[in-house]
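Student: sequence first, predicted coordinates after that:
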Amino acid sequence: MKSRVINLIKRAFAVALFAPAMVMAAGAELHLDKAPVSTDPAALQHGAKLFVNYCLSCHSASFVRYNRMTEIGLSEQAIRDNLLFTADKTGDLMKIAMRRDEAKAWFGAPPPDLTLTARARSSEFGTGADWLYTYLRQFHRDPNRPTGWNNLVFPNVGMPHVLWELQGDQVAKAGEHGATLELAKPGKLSAQEYDKAIADLVSYMVWMAEPIADKRKTIGTFVLIFLAGLFVLTYALKKNYWKDIH
């Protein structure tokens, strides 16, 4: 019995030791573009508009209230006039009317809540922002999929390309180093404009995942300065206390 327990512990240790290497080997082909995340209020407001208009129909952000957007420069009246489609009050949570059982029947799985996606998608390949930025630019037409769309970052994803009118239609072309995308039909935005729109959307999702991030970093800076000053005073006190001995 004792030897069996020891063997199980050894196996568990081996799995824990080599699991990261196996994950990296399995996903070695994945390449993520660096997301140009911005904290500019104008970019965050544009991202909030895109999120509410294109994402909030299927995906909730049920840990955030609409009135948190006052922290990126929007007034409650602006939120009420332009962003309240599924709620009655600016203090309401950003939930959706779609039922989970209906969503599962339509898409194969309920669309996930997006409140923390920008943080949850972080991996050895890049941040959650990098994943979102790349993913939202890698949709392409695929007649073999139920939605008519596929994605190079998330193959066989159940989500349709809700931003296709802005980006246009991309098609996948096989190449020596994997598939590449070509724009077959332009959208309302140029490639540069679409990338900028996605950068704003991702920036908003990063902010939404942790609205107090900037405040936390500011507080952390002051705490480190205080601790540095305290260290100097403590060291001076120590030198003075032991001066007769040393």
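Tutor: Done, it's in.
Student: ok but His140 is inside a strand, no?
Tutor: Yes. Counting by DSSP: H, G, I helix; E, B strand; the rest coil, one finds His140 located in a strand.
Student: pull up the per-residue confidence for it.
Tutor: Per-residue pLDDT puts His140 at 97.
Student: for it, give me its contacts.
Tutor: Applying CB atoms under 8 Å, 6 or more residues apart in numbering to His140 gives the contacts Trp149, Asn150, Asn151, Leu152, Asp169, Gln170, Val171, Ala172, Leu181. From N, CA and C alone the C-beta is placed, and that goes for glycine too.
Student: what about the third one, how many neighbours?
Tutor: Close neighbours of Asn151, defined as other CB atoms under 10 Å, add up to 20.
Student: what does the first one give?
Tutor: Taking other CB under 10 Å as the neighbour definition, Trp149 ends up with a count of 20.
Student: can you check the last one too?
Tutor: Neighbouring residues of Leu181 were enumerated by other CB under 10 Å; the total is 15.
Student: and it, how far is that from Tyr135?
Tutor: Computed as CB to CB, to the nearest Å, the Leu181 to Tyr135 distance reads 13 Å.
Student: if we can go back for a sec, farthest-apart pair in the contacts of His140, please.
Tutor: Leu152 and Asp169 (14.6 Å; CB to CB).
Student: thinking again about what came up before, as CSV, the contacts of His140 with distance to Glu193 would be great.
Tutor: What follows is the contacts of His140, written out as CSV (distance: CB to CB, whole Å):
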residue, distance to Glu193
Trp149, 21
Asn150, 23
Asn151, 21
Leu152, 21
Asp169, 16
Gln170, 15
Val171, 20
Ala172, 22
Leu181, 17
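Student: what residues sit buried inside the helix or strand containing Ala118?
Tutor: Element membership of Ala118 [criterion: DSSP states H and E] is helix 117-120. Buried residues in helix 117-120, counting neighbours by 16 or more other CB atoms under 10 Å, are found at Thr117, Ala118, Arg119.
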